[in-house]
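Trainee: kindly return the folded structure for what I paste below:
(chains A and B)
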There are 2 protein chains.
Amino acid sequence: MSDKVLIYSRFPKSLMARIGQRYDLIDATGKPPLEIFTRDELKDVRALITAGAQTLKGDVMDMMPTLGAIVCYGTGYDGVDFKAAAERNIIVGHSPGANAASVADLALTLMLTATRRILPADQYLREGGWSSAKPSPLMNPQPGNPGRKVGVYGMGEIGRKIASRAAAFETEVAYYSRSKHDVPYQYMSSLAALVEWCDVLMIAVRAGPDTQHIIDADMLKKLGPNGYVINISRGSVIDQKALVAALTDKTIAGAGLDVFEKEPHAPDALTAFPNVVLTPHIGGHTLDSHVAMQDCVIANLGAYFAGKPLPYAVTA
Amino acid sequence: MSDKVLIYSRFPKSLMARIGQRYDLIDATGKPPLEIFTRDELKDVRALITAGAQTLKGDVMDMMPTLGAIVCYGTGYDGVDFKAAAERNIIVGHSPGANAASVADLALTLMLTATRRILPADQYLREGGWSSAKPSPLMNPQPGNPGRKVGVYGMGEIGRKIASRAAAFETEVAYYSRSKHDVPYQYMSSLAALVEWCDVLMIAVRAGPDTQHIIDADMLKKLGPNGYVINISRGSVIDQKALVAALTDKTIAGAGLDVFEKEPHAPDALTAFPNVVLTPHIGGHTLDSHVAMQDCVIANLGAYFAGKPLPYAVTA
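Mentor: Alright, predicted model coming up:
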């Protein structure tokens, strides 16, 4: 049997190099596989590597009759149609926790950068505003971290790492999650209560149909005019139109976003704001995080091709 | 006797409002006092508020024959000529620790922002590089925080707060300071050893003649091609010319700087680099930090005018 593996999402070649040393990789470069390959080239594909957020339904699975494993590069798997996979006897794996530190680090970086107005400060200096003592409302002093109320939505591995990092800045940390965890942070009984309470909302929830647009106009109003929202989870969790409106009306103070509703696009309405920090979905994008994610992909593929259970199977 | 207080450095008016409610403030707006005031207007000035980094020598003190107290807004006092003050029986006060959290927070923010390349990432997204999949070497994955070696130079209140924050990111923390402190971080026996060891050098030392240009070309070579230097102390600690050369030659990977040799100026050579983050001396510039610094100024002035010892005297 072949050991052919399809790269379904668009990944830089360098990230697939270690995997390519072990398996026969064919790369659809993020395009529909039949735009790049013939049915004949796809018929002996036995596994597929995808970015968890990318839509992957039964129609794509049906292009590869011998497909038996979908391996997500990263912790997320929200784009995968699990029902369709189960019906076709396809198992799904991911890389749990492999990028947790990297993603949590970015969450804190976005919080610190947005609340302290680092982008406008760097620009003010580079454009000569400082040396000419040009008045700038963006340079007015902002609240600091000690005593700041940081609300973490989701208490998985990433949420816990966000909470421990945030606490080191002398903040108060609380969280909301479907269930209470054994962690030293205050548990809020609802997302609304958390949002009402916090100054900075950190979105670290695993995305899915139940979290779609859960941060809507009403929640942003609860966050309030001194509030910031930081999202390193998935773009779908925030109603992006409502967020643009809230930033326009100053319903909230600012935002730090690594994820967007339609990647790789951030709407012009967002990129026009000076009080937001925007990064191109680089949460898991560090050297060590990539190595850890590749380790999980390699371990999942190795087990699958050996006929064993995936060590990092999705158990949803 | 008068309660006239001269504002010697350039401060935004809003920062002096609470002090102005208590004392008769006259504002030199950062200019030589005799450019703004007559000798007669200065002759009954009894105290002076200065930014610690600004040069303040005997010639200025002599413009105010009844001057008895120099009060620094902030923790630093490196610009004050202590010998000249002592000879004139002038006491010096400052605001120790009042801005420590704010300054330490900025140090971490600069480290995270520089090492994770947040400025280029935000720009890449805003300029459409992400949506058009434009290749960018600045977007290559960088080392993450877990295991990163963070070297803290100086273990005063700011250094300690930097260390505890950095440790929360799963880094290794070591420090160098004239003496060993009771802290849970590895002590290095020399600055050179610390710089040789670390990936990120955090400068949190109290500046003075002994630290002038202590981070020179040789030290930057020790820091190495994957090394970053973060400075929230004083610009004088780094040989800025050597730093520009090290960034040009890629002797080091990048820098995060809140302070510069000749403020408020950062040389064009520095502002041209994409791998640096530059902020206009905003370390202590948060709402809570300003309130705490004002509290110290008010307490120092109150004691002085009441003929009591300063609660926050400089004991150098």
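
Trainee: any low-confidence regions in the stretch 151-300 of chain A?
Mentor: Across the stretch 151-300 of chain A, nothing is flagged by pLDDT under 70.

Trainee: what sits against A:P274?
Mentor: Contacts for A:P274 (C-beta atoms under 8 Å, 6 or more residues apart in numbering or on different chains) come out as A:119-120, A:138. For every residue, glycine as well, the C-beta is placed using N, CA and C.

Trainee: count the residues that sit near the closest residue to chain B within the stretch 201-316 of chain A.
Mentor: When scored by C-beta to the nearest C-beta, the stretch 201-316 of chain A has A:T286 as its residue closest to chain B, at 3.4 Å. Per other C-beta atoms under 10 Å in any protein chain shown, the neighbour tally for A:T286 reads 24.

Trainee: tell me the confidence at the nearest residue to it once chain neighbours are set aside?
Mentor: Excluding its sequence neighbours, the residue lying closest to A:T286 (C-beta to C-beta, 6 or more residues apart in numbering or on different chains) is B:G144, at 3.4 Å. At B:G144, the model reports a pLDDT of 97.

Trainee: wait, B:G144 sits on A:A100?
Mentor: No: contact criterion C-beta atoms under 8 Å: B:G144 and A:A100 do not qualify, at 10.7 Å.

Trainee: how much space between A:L310 and A:V244?
Mentor: 40 Å (C-beta to C-beta, to the nearest Å).

Trainee: equivalent analysis for A:H265, please.
Mentor: Taking C-beta to C-beta, one finds A:H265 at 13 Å from A:V244.

Trainee: who has more neighbours, these two?
Mentor: A:V244 (18 against 14).

Trainee: burial check on the closest residue in space to the more buried one that isn't next to it in sequence, number of neighbours?
Mentor: Distances taken as C-beta to C-beta, 6+ apart place A:A269 nearest to A:V244, at 4.4 Å, with adjacent residues excluded. Neighbour count for A:A269, taken as other C-beta under 10 Å: 14.

Trainee: you'd agree A:A269 is in a helix?
Mentor: Yes: judged by DSSP: H, G, I helix; E, B strand; the rest coil, A:A269 forms part of a helix.

Trainee: give me phi/psi at A:I49?
Mentor: Backbone torsions of A:I49, given as degrees, to the nearest 10, read phi -110, psi 130.

Trainee: specify the beta-bridge partners of it.
Mentor: A:I7, A:V71 (DSSP bridges).

Trainee: isn't it right up against A:Y8?
Mentor: Yes: counting by C-beta under 8 Å, A:Y8 is a contact partner of A:I49 at 6.4 Å.

Trainee: which parts of the strand or helix carrying A:A17 are buried?
Mentor: If you go by DSSP states H and E, A:A17 is part of helix A:13-20. For helix A:13-20, burial by neighbour count (16 or more other C-beta atoms under 10 Å in any protein chain shown) applies to A:15-16, A:19.

Trainee: got a list of what the residue in the stretch 1-150 of chain A positioned nearest to chain B touches?
Mentor: Proximity of the stretch 1-150 of chain A to chain B (C-beta to the nearest C-beta) peaks at A:G144, 3.4 Å away. Residues near A:G144 by C-beta under 8 Å, 6+ apart: B:101-102, B:105, B:286-289.

Trainee: state the distance from it to B:A98.
Mentor: Taken as C-beta to C-beta, the span from A:G144 to B:A98 is 11 Å.

Trainee: which residues are common contacts for these two?
Mentor: B:S289.

Trainee: so where do the helices sit in chain A?
Mentor: A:13-20, A:33-36, A:39-42, A:58-61, A:82-87, A:100-115, A:118-126, A:157-167, A:191-197, A:217-223, A:240-248, A:268-271, A:287-305 (DSSP state H).

Trainee: single out the most deeply packed of these.
Mentor: Ranked by average neighbour count under the criterion mean count of other C-beta atoms under 10 Å in any protein chain shown, the helices of chain A are headed by helix A:100-115 at a mean of 28.

Trainee: now do that helix: distance to the chain's middle.
Mentor: Counting by C-alpha atoms, centre = their mean, to the nearest Å, helix A:100-115 is centred 12 Å from the centre of its parent chain.

Trainee: so who does the spatially closest residue to A:L25 that is not a sequence neighbour touch?
Mentor: Nearest non-adjacent residue to A:L25, counting by C-beta to C-beta, 6+ apart: A:V5, 5.3 Å away. Residues near A:V5 by C-beta under 8 Å, 6+ apart: A:19, A:23-26, A:45-49, A:301.

Trainee: can you narrow the buried residues of helix A:13-20 to ones near chain B?
Mentor: When these are checked against chain B using C-beta under 8 Å from any C-beta of the partner chain, none falls in range.

Trainee: of those residues, which is the nearest to A:V195?
Mentor: Nearest to A:V195 among the buried residues of helix A:13-20: A:L15, at 35.6 Å, using C-beta to C-beta.

Trainee: isn't that closest one up against A:V297?
Mentor: No: counting by C-beta under 8 Å, A:V297 is not a contact partner of A:L15; they are 9.6 Å apart.

Trainee: any residues in contact with both of these two?
Mentor: By C-beta under 8 Å, 6+ apart, A:L15 and A:V297 have these common neighbours: A:Y73.

Trainee: so what are the domain limits for chain A?
Mentor: A:4-96+A:287-305, A:100-278 (automatic domain parsing).

Trainee: sorry, back to before: ok, the residue of the stretch 1-150 of chain A closest to chain B to A:T115 distance?
Mentor: Plainly put, A:G144 is 9 Å away from A:T115 if you go by C-beta to C-beta.

Trainee: residues in contact with the most centrally placed residue in chain A?
Mentor: What sits nearest the mean C-alpha location of chain A, by C-alpha atoms, centre = their mean, is A:S233, with 3.5 Å. By C-beta under 8 Å, 6+ apart, the contact set of A:S233 is A:154, A:203-207, A:259.

Trainee: burial of the closest residue in space to it that isn't next to it in sequence, as a residue count?
Mentor: What sits nearest to A:S233 in space, not counting adjacent residues and going by C-beta to C-beta, 6+ apart, is A:I203, at 4.8 Å. Residues lying near A:I203 (other C-beta under 10 Å) number 26.

Trainee: please name the residues that touch A:I203.
Mentor: Neighbour list for A:I203: A:153-154, A:215, A:229-233, A:237-238 [criterion: C-beta under 8 Å, 6+ apart].

Trainee: again, only using 6 Å
Mentor: By C-beta atoms under 6 Å, 6 or more residues apart in numbering or on different chains, the residues touching A:I203 are A:153, A:231, A:233, A:237.

Trainee: among these, which pair sits farthest apart?
Mentor: Farthest pair in those, by C-beta to C-beta: A:Y153 and A:N231, 9.5 Å.
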